[in-house]
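**Student:** quick one, structure for this:
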Amino acid sequence: MSSDKQKLKEIISLDSELNKLQDLDILLERILTESRRVTGADAGSIYIRRGDELVINYAQNDTLQAKLPPGEKLIYKVFTVPVNTKSISGYAAATGEPVNIKDVYSIPEDAPYGFDPTYDRVSGYTSRSMIAIPLRTNIGDILGVIQLINKQSATGRAIAFNKDDELMLLHFATNATVALQRAQMTRAILLRMISMAELRDPKETGQHVNRVAGFAVEIYERWATEQGFESHEIERTKDNLRMAAMLHDVGKVAISDLVLKKPARFTPEEYETMKTHTLHGARLFVNKQSDFDELAQVVALTHHENWDGTGYPGHVDVETGETVKQDGDGRPLGKREEEIPLFGRIVAICDVYDALSSKRVYKDAWGEEDVLEEMRRLSGSKFDPGLIDIFFKVLPNIRTVSAKFREEEE
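**Tutor:** Alright, predicted model coming up:
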């Protein structure tokens, strides 16, 4: 079997794999990875269309990645590109046609699009060949663009993308777009659930939960990589974790407005009522149908447990709310250390970091230095110290997630 036929067979087999991914961001990252793999591209980006702009969602670059310490991920700047014919990706989105360029530094002057070398100058990377493929639905709508850079020869030299690469990418993009539409619908459903909570609690915005979920994925991925987990297992868990983390506070829909929207400090009785949102959230996933339901229940139930055992709801029966283990006062005994499931410990860190970093109606955002000092201070009491170490290792990635999901809110 020829190399191109083998690649086409691989692309066809990928269709079913893409349809297994439910989270939008995890799917976008996978689409970019596989597009690069089947064409032998050294680097690339994937953009999603928002109105008249393309927003970068992921960027990958093997040459620059190889210069980083083991375990670290490439950091990319979040930016937008107008949907017009002036840039390469913008042209692909505006016209719905692929763009295949042998050398971006030799684009003819009469071409409608041009190449901005700013990124090359800043990064020290040299782009040569480039291909941009629109992600187009069956009714002609453009959802985004895949842009790949520097197809690699057998000797590691940048060569042009050929016609077969273009045809394979167009086929892949068609099927990836179907998976992308489904993932966007799944994301919309989750955000509608969160909107119900937002009506009750203004802190529960779509941007807040997207940031918390993005942070959680970054921490988990680094932790799992250091533990030696297989890549396919990491990806599957990331897919479920990102969606579950978005729903960490969905149980607040069951809390009375008299408590949830109270402008003053809670009384002890009101605080006890507020704490029940963890149980209410967990009960939504009692009739488990999938790994996602299991993970979502764990996150909703345990993201307010503390490493030192002072958190809540502690050892209780999810369905009945009855105490399983009691402290000296007859209250549920808080879970501590590794009694708290990993994903609850991860989301606890993410939720607090974002709450401290964000402006609320009742407070200004803390400065980053103060936030990080507080995260360190709470290590070993509120937070798992090992995961706090991971948090600081992936802090550059967390900043990228913050930038990605902050624009609309501000």
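**Student:** and residue 17, how many residues sit next to it?
**Tutor:** 13 (other C-beta atoms under 10 Å). C-beta: built from backbone N, CA, C; applies to glycine.
**Student:** for the one 3 residues further on, same thing?
**Tutor:** Residue 20 has 12 neighbouring residues, counting by other C-beta under 10 Å.
**Student:** gap between it and residue 342?
**Tutor:** Noted for residue 20: a distance of 22 Å to residue 342, by C-beta to C-beta, to the nearest Å.
**Student:** low pLDDT regions in the stretch 301-410 of the chain?
**Tutor:** The stretch 301-410 of the chain contains residues with pLDDT under 70 at 360-362, 407-410.
**Student:** so where do the helices sit in it?
**Tutor:** Using DSSP state H, counting those that start in this stretch, the helices of the stretch 301-410 of the chain run over residues 342-357, 368-377, 385-393, 395-404.
**Student:** repeat that for the stretch 151-300 of the chain.
**Tutor:** Under DSSP H, counting those that start in this stretch, the stretch 151-300 of the chain gives helices at 163-200, 206-227, 231-246, 257-260, 268-275, 277-283, 291-302.
**Student:** so how far is the first residue of stretch 60-68 from its last?
**Tutor:** Using C-alpha to C-alpha, to the nearest Å, one end of stretch 60-68 lies 13 Å from the other.
**Student:** quick one: mean pLDDT over that stretch.
**Tutor:** On average, the pLDDT along stretch 60-68 is 94.
**Student:** buried residues, that stretch. List them.
**Tutor:** Judged by neighbour count (16 or more other C-beta atoms under 10 Å), stretch 60-68 contains these buried residues: 60-61, 63-64.
**Student:** next: stretch 113-133.
**Tutor:** 113, 115, 119-120, 127-133.
**Student:** and which of these is nearest residue 100?
**Tutor:** residue 131 (4.8 Å; C-beta to C-beta).
**Student:** any low-confidence regions in this protein?
**Tutor:** 1-13, 15-16, 197-205, 360-362, 407-410.
**Student:** let's see that with 50 instead.
**Tutor:** 1, 407-410 (pLDDT under 50).
**Student:** before we move on, back to that, got TSV for the buried residues of stretch 60-68, with secondary structure and distance to residue 235 too?
**Tutor:** As requested, the buried residues of stretch 60-68 are exported to TSV (DSSP: H, G, I helix; E, B strand; the rest coil; distance: C-beta to C-beta, whole Å):
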residue	secondary structure	distance to residue 235
60	strand	15
61	strand	20
63	helix	23
64	helix	22
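**Student:** and the two most separated of these?
**Tutor:** Longest span within the buried residues of stretch 60-68, C-beta to C-beta: 60 and 63, 10.4 Å.
**Student:** which neighbours do those two share?
**Tutor:** Residues touching both residue 60 and residue 63 by C-beta atoms under 8 Å, 6 or more residues apart in numbering: residue 43.
**Student:** grab the most central residue of this protein for me.
**Tutor:** residue 214 (3.8 Å; C-alpha atoms, centre = their mean).
**Student:** ignoring the adjacent residues along the chain, who's closest to that one?
**Tutor:** In this structure, residue 214 finds its nearest non-sequential neighbour in residue 401, 3.6 Å apart by C-beta to C-beta, 6 or more residues apart in numbering.
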